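Colleague: prediction below, plus the sequence it came from.
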Amino acid sequence: MKTYEILTIGGGPAAITIAKILGKKKTVGIIRPENFSMIYCAMPYAIEDIVGLEKTFKQDSLVTDSGADLIRDKVVSADFDKKTVTTELGETFGYEKLVIATGASPFLPPIEGIGYEGVFVFKWEDDLKRLNEAVKEKQLKKAVVVGAGAIGVELALALKHCGLETHLVDMVDSVLPNLLDADMAVQAEEELKAAGLELHLGSRTEKIVGDQRAEQVVLSTGEVIDLTDDENPYGIVVFAVGMRADVDIFRGTALEIGKIGIVVDSKMQTSIPDVYAVGDCAQFVSGITGELAEGKLATNAVPMARMLAKNILGAEREYDGFYNGAATRVGDLFVGGTGLSERAAGSAFDVIVAYSELTTTFPIMPEAKPVKMKLIADKKTLRVLGAQVVSGNPVTDKVDIITLAIQNKLTVNDLAGFSYSAQPYQSFFPANNLIVACAEDILSRVGG
Ligand SMILES: Cc1cc2nc3c(=O)[nH]c(=O)nc-3n(C[C@H](O)[C@H](O)[C@H](O)COP(=O)(O)OP(=O)(O)OC[C@H]3O[C@@H](n4cnc5c(N)ncnc54)[C@H](O)[C@@H]3O)c2cc1C
C-alpha cells in the first residue's frame, strides 16, 4: 500500500491547486476518475464552436508536472481510523493528510420523464460530447434549457447560435437571479429575446412527456413546449438548476456533513483530524452575513485550496467566506455581480441602493457603450453589501473592486473617496466614475 503525505480525492480546480502548490514539496496523490478535468467555464462555447471541444480538456501535465501522482480511479470508501481510502479498482492508499475535493454534480429534479432520452445535465466531458452529438450529428432542432443562471443562459445562447429553436425556463421571474436583481436583468432579458430565445420566466418545469424520449415539456403555467419536428420525434432538455455536493461516499461515516456540504472550519479542517475539505464539496458561510451560503464557483474553490496548501506548508491563513463575485456574457452585454443582491440583502439588512449610468469610454469616442451599476449598502452603517454591473465591455474589473471593498468592510463614504484613473479609450471622463457616482448618490440621500 502506498502512503502519501497528502492524498487528494478529486481532479477539479481545487485538487489541481493542491497539486501545483504541494506537488514538489510533499508526496502528493491526486485520485480522479474522469478522462479529463474540464475547463467548465468554456464548455458552452465549445457547443457553438467558439473553442474546439478538445480545448476544454485540461492537460494531465497540470498535475503530473507539479510532481504529484495522478491516480485514475474512483474512491469508494474511506477508513478514517486506519487513514486509508479504497478505490473502485480495489486499490488501497494511505494518507497522512486527506484532502476531500470531490466537488458537486448537477441536480436533476425528481419529475416525470427525467430519465428520458434527450434529457441532459451539463458538467462532465460525457455531457458535453453527448449534447454536442445531439446538436451536430443527430441534428435535433428544438431545445429547452431549464435554469436561467449563468450556465443556463450561456448554454441557451449557444444552442440558439447552433440554429435550434431554444426555450429558457426558470421558476424565478427574472434571468440570472443569483447575479442580478430583476431591475438590472431587464437588458439581459431583452438581449436574449433579441437573439431569438423564448423566455418562460416564473414557470416551474412540471414534467417531460414522451415515449421514453423528450417529446414535450409541461410547465406549471399550463404551457406545453413541443420538442418534435418534421425530422425528429424528440428534442433536447438540459437542466442547469444547481449543483449538489458530492459527499455520498462519506455518508454513514464520522465525517460531519451539513445541509450543503462537508462541515469545515475557517482552516478547511473537517470534523476528523487530518481530513480537510475544499471547493464545491465543502459547506461554508457568506463573508458578509456569516450565515451558510452557496458558493459553488471555481473562484471560491481555488482560494480555499490555495489557503489550505499554504497552511500545510506552515502559514496560518483563514478563509473568511464567500462573496461570490461572478460574471457572464449575454449576447453583446457583459454582466456581473458580487456580494448580496438587494433581494438577498433585504432579509438581513435595511438596504439603500443607488444606480449610476456612464459610458465605457469618453462618450465622444467612437467605441463608447453604456455601462450601468447598482450599488447596495446597509442604510444604517453604510457598509457596502453588493453591486451589479451591466455593460457593453467586460465587467470583472469593476465587480472585483467592489468585492475587495466588501471584503474589507468598506463603507459608501470610502467609495465616494475612491481614487480612480481615466483615459479616453478606457473610462468615462475624469469628471465622473461609476462607483463614485453610486456612492455620492447614496450619501446625498442620507445627508452625507
Ligand atoms: C458549465 C459550467 C460553467 C461554469 N462556469 C464557471 C465560471 O464561469 N466561473 C466560476 O468561478 N465557476 C464556474 N463554474 C463552477 C466551477 O466549475 C466549480 O465551482 C469548480 O469546478 C469547483 O471545483 P472543485 O475542484 O471543488 O470541484 P469539481 O471541479 O467538481 O471537481 C471535483 C472532482 O472530484 C472528482 N470526484 C468526485 N467524487 C470522487 C470520488 N469518489 N473519487 C475520486 N474523485 C472524485 C470528480 O470526478 C472531479 O474530478 C462552472 C461550472 C460548470 C459546470
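Modeller: Sure, I can see it. Not measured: the values here are computed from a predicted model. Residues are numbered from 1 along each chain as shown.

Colleague: residues of the stretch 1-150 of the chain that sit close to the ligand?
Modeller: 9-15, 31-34, 37, 40-41, 43, 74-75, 101-104, 122-123 (C-beta under 6 Å from any ligand atom). Where C-beta positions appear, they are placed from N, C-alpha and C, glycine not excepted.

Colleague: in helices, which of the residues you listed fall?
Modeller: Here DSSP state H is the test, and those give Pro13, Ala14, Ala15, Met43 as lying in helices.

Colleague: who are the contact partners of the second one?
Modeller: For Ala14, the residues meeting the contact criterion (C-beta atoms under 8 Å, 6 or more residues apart in numbering) are Ala101, Gly103, Val278, Gly279, Asp280, Ala301, Val302, Met304, Ala305.

Colleague: list the contacts of the first one.
Modeller: Put plainly, it is Ala101. 8-10, 12, 14-15, 18, 277-279, 281, 301, 305.

Colleague: the nearest residue to it once chain neighbours are set aside and Pro109, how far apart?
Modeller: Among residues not flanking Ala101 along the chain, Gly10 sits closest, at 3.4 Å (C-beta to C-beta, 6 or more residues apart in numbering). In this view, Gly10 and Pro109 are 25 Å apart by C-beta to C-beta, to the nearest Å.

Colleague: what about stretch 273-286, average pLDDT?
Modeller: For stretch 273-286, mean pLDDT is 98.

Colleague: what's the burial count for the closest residue to the ligand within the stretch 201-350 of the chain?
Modeller: In the stretch 201-350 of the chain, no residue comes nearer to the ligand than Gly279, which is 2.1 Å away by C-beta to the nearest ligand atom. Gly279 is flanked by 33 other residues according to other C-beta atoms under 10 Å.

Colleague: repeat that for Ser419.
Modeller: Close neighbours of Ser419, defined as other C-beta under 10 Å, add up to 6.

Colleague: now do Ile39
Modeller: Neighbourhood size, Ile39 [other C-beta under 10 Å]: 16.

Colleague: now the one 5 residues further on
Modeller: Burial measure for Pro44: 28 neighbouring residues, criterion other C-beta under 10 Å.

Colleague: circling back: restrict the residues of the stretch 1-150 of the chain next to the ligand to the buried ones and give me that as a PyMOL selection.
Modeller: Applying 16 or more other C-beta atoms under 10 Å to those, the buried members can be selected in PyMOL as follows:
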select buried, resi 9+10+11+12+13+14+15+31+32+37+40+41+43+75+101+102+103+104+122+123
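
Colleague: next one: phi and psi at the residue of the stretch 51-200 of the chain found nearest the ligand?
Modeller: Going by C-beta to the nearest ligand atom, the ligand is nearest to Gly103 of the stretch 51-200 of the chain, at 2.1 Å. When read as degrees, to the nearest 10, the backbone of Gly103 gives phi 70, psi -150.

Colleague: got it, and Ala78?
Modeller: Dihedral angles for Ala78 - degrees, to the nearest 10 - are phi -130, psi 140.

Colleague: now do Ile39
Modeller: With angles defined as degrees, to the nearest 10, Ile39 sits at phi -90, psi 80.

Colleague: got the contact list for the spatially most central residue of the chain?
Modeller: Compute the mean C-alpha point of the chain, and by C-alpha atoms, centre = their mean the closest residue is Leu297, 3.9 Å away. Each residue near Leu297 by C-beta under 8 Å, 6+ apart is listed here: Phe322, Asn324, Ala326.

Colleague: and stretch 316-325, end to end?
Modeller: One end of stretch 316-325 to the other measures 25 Å (C-alpha to C-alpha, to the nearest Å).

Colleague: got the contact list for the helix or strand bottoming out on mean pLDDT in the chain?
Modeller: Within the chain, no helix or strand scores below helix 61-64, which has a mean of 93 by mean pLDDT, DSSP states H and E. By C-beta under 8 Å, 6+ apart, the list of residues contacting helix 61-64 from outside reads Gly11, Ala15, Ile16, Ala19, Lys20, Gly23, Ile30, Ser37, Leu70.

Colleague: returning to what we had before: I figured the residue of the stretch 51-200 of the chain closest to the ligand hits Gly279, correct?
Modeller: Yes - with contact defined as C-beta atoms under 8 Å, Gly103 counts as touching Gly279 (5.9 Å).

Colleague: now the contacts of Ala14 as a markdown table including secondary structure?
Modeller: Output for those, formatted as a markdown table (DSSP: H, G, I helix; E, B strand; the rest coil):
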| residue | secondary structure |
| --- | --- |
| Ala101 | coil |
| Gly103 | coil |
| Val278 | coil |
| Gly279 | helix |
| Asp280 | helix |
| Ala301 | helix |
| Val302 | helix |
| Met304 | helix |
| Ala305 | helix |
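
Colleague: where does the chain dip in pLDDT?
Modeller: Counting by pLDDT under 70, the chain shows no low-confidence range.

Colleague: for it, just list every one of the helices.
Modeller: For the chain, the helices defined by DSSP H occupy 13-22, 43-47, 61-64, 125-136, 150-161, 182-194, 298-312, 342-345, 396-407, 412-416, 434-446.

Colleague: how close does Gln139 sit to Asn232?
Modeller: From Gln139 to Asn232 the distance is 7 Å (C-beta to C-beta).

Colleague: ok, so of the contacts of Ala101, who is nearest Thr359?
Modeller: Ala301 (35.3 Å; C-beta to C-beta).

Colleague: correct me if wrong: the closest one contacts Gly10.
Modeller: No - assessed by C-beta under 8 Å, Ala301 is found out of contact with Gly10, at 9.7 Å.

Colleague: which residues do the two both contact?
Modeller: With C-beta under 8 Å, 6+ apart, Ala301 and Gly10 have common neighbours Ala101, Gly103, Gly279.

Colleague: spatially nearest residue to the second one (excluding sequence neighbours)?
Modeller: Nearest in space to Gly103, with sequence neighbours left out and distances taken as C-beta to C-beta, 6+ apart, is Asp280 at 4.4 Å.

Colleague: do I have it right that the one you found meets Val247?
Modeller: No - look at Asp280 against Val247 with C-beta under 8 Å: they stay out of range, at 10.2 Å.

Colleague: looking at these two, which one has more neighbours?
Modeller: Asp280 (28 against 20).
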